[in-house]
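Chemist: could you look at this predicted model? Sequence included:
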Amino acid sequence: MYSKKLRAAEIHLAANDPKLAQLIKKYGPCRLRPHTDYYKELLESIVGQQLSVKAADAIWKRVILFFGEVVPTPQQIADADTENLRACGLSYGKVKYMKDLAAHIIDGRLDLTHITSFPNNELIRELTAVKGIGQWSAHMFMIFSLGRLDILPVGDLGIRKAAMNIYNLRRLPSPERLIKLSRQNNWPPYESIVAWYLWRNLDPALKT
């Protein structure tokens, strides 16, 4: 059961990293909840890029409304007129990215049916082959959708800020410094859980 894996991760991290032990005690059990609605997650992540949560939600609702209050299929996205999608509040770039995602799914280049069987590096390659999905988006998908426990989102600004504060670093850590910190504190194979607690410490109101 996934919850048992989370509890095992918390025990491991608390035993190896006193700083994380404090966070685990403060914020309680990790509440990551993976799901299988992969296509919707990827589509929504493209819509929400570089927007506030409120703005992203508003545009996503308009997209859903345009398609009859349902999540559009890849074929519907592929067939949709660009200007009609633009009228929902999407930029030309995001419309292009949505259509590229749809194309990858339709022609099988991105196989969401078997995506859970891909090793991390291969999965990142598959995801980032889609225009508009970079390493950060791939990491978020792997943590929050697939529920993978061993993902360290080294490019996330929130993770870097939280790590700097918690570990008393003089400056924002580089990706290499984060990886070194991970090894020093025995985070593997539970880096995703570390990320969850670091995000939580930066924003205690985080709902996820």
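Modeler: Perfect, I can see it now. Numbers count the residues shown, from 1 in each chain.
Chemist: drop to CA atoms for contacts and neighbour counts, all remaining ones
Modeler: Fine.
Chemist: now the helices: where do they sit in the chain?
Modeler: Assigned by DSSP state H, the helices in the chain fall at 2-16, 18-27, 38-47, 53-66, 74-79, 82-86, 92-106, 120-128, 135-144, 157-166, 175-184, 191-202.
Chemist: just name the most buried of these.
Modeler: Among the helices of the chain, helix 191-202 has the highest mean neighbour count (mean count of other Cα atoms under 10 Å), at a mean of 22.
Chemist: just the C-alpha atoms of it, please, in CSV.
Modeler: Output of helix 191-202 as CSV, limited to C-alpha atoms (Å, rounded to 0.1, in the frame of the first residue of the first chain):
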residue,chain,number,x,y,z
GLU,A,191,13.8,12.4,-2.3
SER,A,192,10.1,13.1,-3.3
ILE,A,193,9.1,12.9,0.4
VAL,A,194,11.9,15.3,1.3
ALA,A,195,10.6,17.7,-1.4
TRP,A,196,7.1,17.5,0.0
TYR,A,197,8.3,18.5,3.5
LEU,A,198,10.5,21.3,2.1
TRP,A,199,7.5,22.7,0.2
ARG,A,200,5.4,22.4,3.3
ASN,A,201,7.9,24.3,5.4
LEU,A,202,8.0,27.1,2.8
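Chemist: check the offset of stretch 12-28 from the chain's centre.
Modeler: Remark: stretch 12-28 is offset 22 Å from the chain centroid, using Cα atoms, centre = their mean, to the nearest Å.
Chemist: and stretch 105-125, by the same measure?
Modeler: On the basis of Cα atoms, centre = their mean, stretch 105-125 sits 15 Å off its chain's mean C-alpha point.
Chemist: measure the residue minimising distance to the centre of the chain to Leu51 for me?
Modeler: Closest residue to the average C-alpha location of the chain: Met140 at 1.2 Å, with Cα atoms, centre = their mean. In this view, Met140 and Leu51 are 16 Å apart by Cα to Cα, to the nearest Å.
Chemist: with distance to His114 and mean pLDDT added, can I get the helices of the chain in a markdown table?
Modeler: Listed next are those as a markdown table, based on distance: least, Cα to Cα, whole Å; pLDDT from 0 to 100:
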| stretch | distance to His114 | mean pLDDT |
| --- | --- | --- |
| helix 2-16 | 19 | 97 |
| helix 18-27 | 33 | 97 |
| helix 38-47 | 11 | 96 |
| helix 53-66 | 26 | 96 |
| helix 74-79 | 17 | 98 |
| helix 82-86 | 29 | 97 |
| helix 92-106 | 12 | 98 |
| helix 120-128 | 10 | 96 |
| helix 135-144 | 14 | 96 |
| helix 157-166 | 29 | 95 |
| helix 175-184 | 29 | 97 |
| helix 191-202 | 22 | 96 |
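Chemist: same list (the ones you listed) but as a markdown table, adding distance to Asp150.
Modeler: As requested, those are exported to a markdown table (distance: least, Cα to Cα, whole Å):
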| stretch | distance to Asp150 |
| --- | --- |
| helix 2-16 | 10 |
| helix 18-27 | 16 |
| helix 38-47 | 19 |
| helix 53-66 | 26 |
| helix 74-79 | 30 |
| helix 82-86 | 36 |
| helix 92-106 | 25 |
| helix 120-128 | 9 |
| helix 135-144 | 8 |
| helix 157-166 | 15 |
| helix 175-184 | 11 |
| helix 191-202 | 5 |
